[in-house]
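[1] whatever this is, show me its structure:
(2 chains)
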Amino acid sequence: MAKYKLRNNSIYDASGNVTSVYEDILDTETKTAIPKTTDNRHYNEYLAWVAEGNTADPAD
Amino acid sequence: MSKIRLFGTSSGYVEIAPAAAAGNNTLTAPSTVGEIIAKDAAGAIGITSMKASNVNVGAAVTITESGIEASGIGITCASINDGQISGRRNIVINGAMMVSQRGNQSATSSAGYFACDRFYTSNGSDAAVAVNQSTDSPDDFGFSYHLDCTTADTSIAAGQYFLIQYRIEGQDIQRFNKGTSSAKQFALSFYVKATKTGLYTVELEDTDNQRQISKTINVTDTNWNRYVLIFPADTSGAFNNDQNSSLTINWWLLAGSTYNGGTVNTSSWASITQANRASGSNVNAMDSTSNDFRLTGVQLEVGDQATSFEHRSFGEELSLCQRYYQRWKGHSDHNGVGAGRGNGTSGVFVSVNLIQCLRASPSITNSGIVVFKAGASSTSTTDTPSLTNASAFDATACMFPMSITGLSGITNNYGGYTVFLSNSDLQLDAEM
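    Below you'll find the model as predicted:
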């Protein structure tokens, strides 16, 4: 298991259909959900981790 | 021109001579005892020296060698030390280390926000520390930020470092006018008590423009001592006027040659040269498990004078800290965070009313949520919730849209779900 795992999160409409999917990142060590915005320090740490050649586990 | 001589009853005289400069001047004879006022042609009063022990202006103002006492309407002035006169002079939040939302941290080699809010342990060494909110503090304070070295690093590799950091939003430091011709100085003051005596480097790092300047302090004993560092103004590189980190205060407790192999830059702000950031004589405060380092009373203000520490109430400091980190205590399904609606058959959206508006989209830590619905059994999950989506969050609105997954028996788009925390705290982290 990698330190990070991508997650896809679905948003449903009133009829139960998926209208959109957004992605966030789970820090598998600290069980912290990280939004994909550069205002967030954990996301910047994730980007630095990726820049070092690492790859997150894919979303389910 | 003529002079006037006044002779007394014995020898000697007082001579009154006109000023050398052209123009009319007025010497007003005393109207009451002790008053002699000289005015130039424009009516300005000139005083070149005062030898009396004190000067009285009426009955309200007394000026002595010790200071100015104004018992009347007080003193009217535009600024103190070129900055604001009072209230929130100190830019540093939790400088007295009163707030500790996360609690103490047992021995760790990781970097992170531990113990006292807003202060970051930046550990890039082989050392490990316990980080505590300590009650060992100087007079006027109740707490300090305490690093207790639990694993020593006696062999420092070139790229290793250990810093205490304090990061400041750009929009909160526009008053320094950095990057303009009106740039102002930085007055930094703090108290340190350290087992390891010697030279420590303290650095201001402009993270917007990759500029820095350092100063050193010499810790000569193991007692509490106050240190005052005045950093020059910088007419280059304006701070971004936004909610992101622009300025970092770095206390260097360990520095490898990558950071101290050059000549430490203490004279003026400059583009960052890594080797010039820390002193070559900087101590290694992590060279023994007997070492402790304590910090408190941190104050950063405008100008060339460090004033007394600006104490704020615990409530004020907590509220300021909660812009960056908030924590809801989980406790056996007793603590609710809000009402939600179904999202699909296994998820719930809930809007959490924040304690304080957060600086930015936060990271979320939680591993235990229970969702109740009237007339139905509860459903629980250990999935870490997520920020519902980026567009649903507004940093100026004290509301946090949270998406919970991993539930069962949810009816899509139905309301009436109430969200409780089980034994896992909900933590929102918007630190820089």
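
[2] okay, strands next: where are they in chain A?
    Here chain A has its strands, by DSSP state E, at A:4-12, A:18-27, A:32-34.

[3] and among those, the most buried is which?
    Ranked by mean neighbour count, the strands of chain A are led by strand A:32-34 with a mean of 24 (mean count of other Cβ atoms under 10 Å in any protein chain shown). (C-beta placed from N, C-alpha, C; glycine too.)

[4] tell me the strands beside it, with direction?
    With DSSP bridges as the test, strand A:32-34 is paired with strand A:18-27 (antiparallel), strand B:363-365 (antiparallel).

[5] span of stretch B:383-398 from start to end?
    24 Å (Cα to Cα, to the nearest Å).

[6] hmm, stretch B:387-400 in reach of chain A?
    Yes - Stretch B:387-400 lies within reach of chain A by Cβ under 8 Å from any Cβ of the partner chain, at B:Leu387, B:Thr388, B:Asn389, B:Ala390, B:Phe393.

[7] and chain A, which of its residues are near chain B?
    Applying Cβ under 8 Å from any Cβ, we find that chain A lies next to chain B at A:7, A:9-14, A:16, A:18, A:20, A:22, A:24, A:26-27, A:30-37, A:39-42.

[8] ok, 7 Å please
    By Cβ under 7 Å from any Cβ of the partner chain, the residues of chain A that approach chain B are A:7, A:9-12, A:14, A:16, A:22, A:24, A:26, A:30-35, A:37, A:39-42.

[9] tabulate the strands paired with strand A:32-34 (a markdown table), appending mean pLDDT.
    Output for those, formatted as a markdown table (pLDDT from 0 to 100):
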| stretch | mean pLDDT |
| --- | --- |
| strand A:18-27 | 95 |
| strand B:363-365 | 96 |
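
[10] now those as JSON lines including distance to B:Ile16?
    Listed next are the strands paired with strand A:32-34 as JSON lines, based on distance: least, Cβ to Cβ, whole Å:
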{"stretch": "strand A:18-27", "distance to B:Ile16": "85"}
{"stretch": "strand B:363-365", "distance to B:Ile16": "80"}
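
[11] returning to that earlier point: the strands of chain A: which one's closest to B:Gly23?
    Nearest to B:Gly23 among the strands of chain A is strand A:32-34; the distance by Cβ to Cβ comes to 74.9 Å.

[12] pLDDT (mean, whole number) over the closest one?
    Average pLDDT, strand A:32-34: 96.

[13] name the residues that touch it?
    With Cβ atoms under 7 Å, 6 or more residues apart in numbering or on different chains as the test, strand A:32-34 has contacts from A:24-27, A:40, A:42-43, A:46, B:363-365, B:384-386.

[14] tell me the one of those nearest B:Val264?
    Once Cβ to Cβ is applied, the member of the contacts of strand A:32-34 that ends up nearest B:Val264 is A:His42, at 31.9 Å.

[15] quick one: the residue nearest to B:Gly347 when sequence neighbours are not counted from B:Gly342, how far?
    Counting by Cβ to Cβ, 6 or more residues apart in numbering or on different chains, B:Thr405 is the residue found nearest to B:Gly347 once chain neighbours are left out, at 4.7 Å. Counting by Cβ to Cβ, to the nearest Å, the separation of B:Thr405 from B:Gly342 is 12 Å.

[16] repeat that for B:Ser319.
    Distance, B:Ser319 to B:Gly342, using Cβ to Cβ: 34 Å.

[17] higher neighbour count, those two?
    B:Gly342 (23 against 15; other Cβ atoms under 10 Å in any protein chain shown).

[18] pull the number of nearby residues for the closest residue to chain A within the stretch 201-350 of chain B.
    As assessed by Cβ to the nearest Cβ, chain A sits closest to B:Gly344 within the stretch 201-350 of chain B, at 4.6 Å. B:Gly344 has 18 neighbouring residues, counting by other Cβ under 10 Å.
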